[in-house]
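have a look; sequence and predicted model below, questions after that.
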Amino acid sequence: MLRTEKNPVNPKELGSFYTPGTIAGILADWVVQIGTERLLEPSVGDGALIAAASERANALFGLDHSVRFLACDINARAIQAAERKFQAGTEVRVVDFLQLNPNSTGLFHGVIANPPFTRNHSLPVQRRIALRNRFATTGAAGLWV
């Protein structure tokens, strides 16, 4: 369900834990390599990972080459707050990434993410069933799986 101003997001319900800058930098150093042109960030949060990946790309490639991003988040307010960290050409979608059709996203050279830490028993039953069916998981897996 897409959250709106009338239906605000509860960060605890979503398993939100924003990535500290130092960790974002470490992940960016690992993901952004020579040849990286397009990255996915499925749960943008405060934008720390995109900012770190952009910095890493600028250091590797210079300012005349940028990495393109698809930035997704279920929380429209988080996206609005993080947009100042996005470089030109970042595609933004206010959507639950797990509900996206992969054919609508195109291909990526990498994924930079801090997955939600929502445990299985915290998910509504219908959501658990839908996710298990879509991704063929078994057992009591949380959203991070």
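That came through fine.

every contact and neighbour count from this point should use C-alpha atoms.
Noted.

tally up the residues packed near residue 62, please.
When neighbours are defined as other C-alpha atoms under 10 Å, residue 62 has 11 of them.

likewise for residue 80?
14.

in this structure, which spans are helices?
11-14, 21-31, 48-61, 76-82, 125-135 (DSSP state H).

of the ones you listed, which stretch is the most buried?
When the helices of the chain are scored by mean count of other C-alpha atoms under 10 Å, the highest mean neighbour count falls to helix 48-61 (a mean of 21).

relative to helix 21-31, how tilted is that one?
Inter-element angle recorded for helix 48-61 and helix 21-31: 50 degrees (by axes from the mean of the first three to the mean of the last three C-alpha atoms, to 10 degrees).

helix 48-61 - contacts with which helices or strands?
helix 21-31 (3 or more C-alpha pairs under 8 Å, 6 or more residues apart in numbering; DSSP states H and E).

re earlier: rebuild the helices of the chain as a markdown table, extending it with mean pLDDT and distance to residue 39.
Shown next, in a markdown table, are these (pLDDT from 0 to 100; distance: least, C-alpha to C-alpha, whole Å):
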| stretch | mean pLDDT | distance to residue 39 |
| --- | --- | --- |
| helix 11-14 | 51 | 22 |
| helix 21-31 | 89 | 9 |
| helix 48-61 | 91 | 9 |
| helix 76-82 | 88 | 17 |
| helix 125-135 | 81 | 21 |
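
for residue 69, find the nearest of the ones you listed.
helix 48-61 (7.8 Å; C-alpha to C-alpha).

export only the CA atoms of the closest one, formatted as CSV.
The C-alpha trace of helix 48-61 is given here as CSV (Å, rounded to 0.1, in the frame of the first residue of the first chain):
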residue,chain,number,x,y,z
ALA,A,48,23.0,8.5,2.2
LEU,A,49,23.8,5.6,-0.1
ILE,A,50,23.1,7.6,-3.3
ALA,A,51,25.2,10.5,-2.0
ALA,A,52,28.1,8.2,-1.2
ALA,A,53,27.8,6.3,-4.6
SER,A,54,27.8,9.7,-6.4
GLU,A,55,30.9,10.8,-4.5
ARG,A,56,32.6,7.6,-5.3
ALA,A,57,31.7,7.8,-9.0
ASN,A,58,33.0,11.4,-9.2
ALA,A,59,36.3,10.3,-7.6
LEU,A,60,36.6,7.4,-10.1
PHE,A,61,35.3,8.9,-13.3
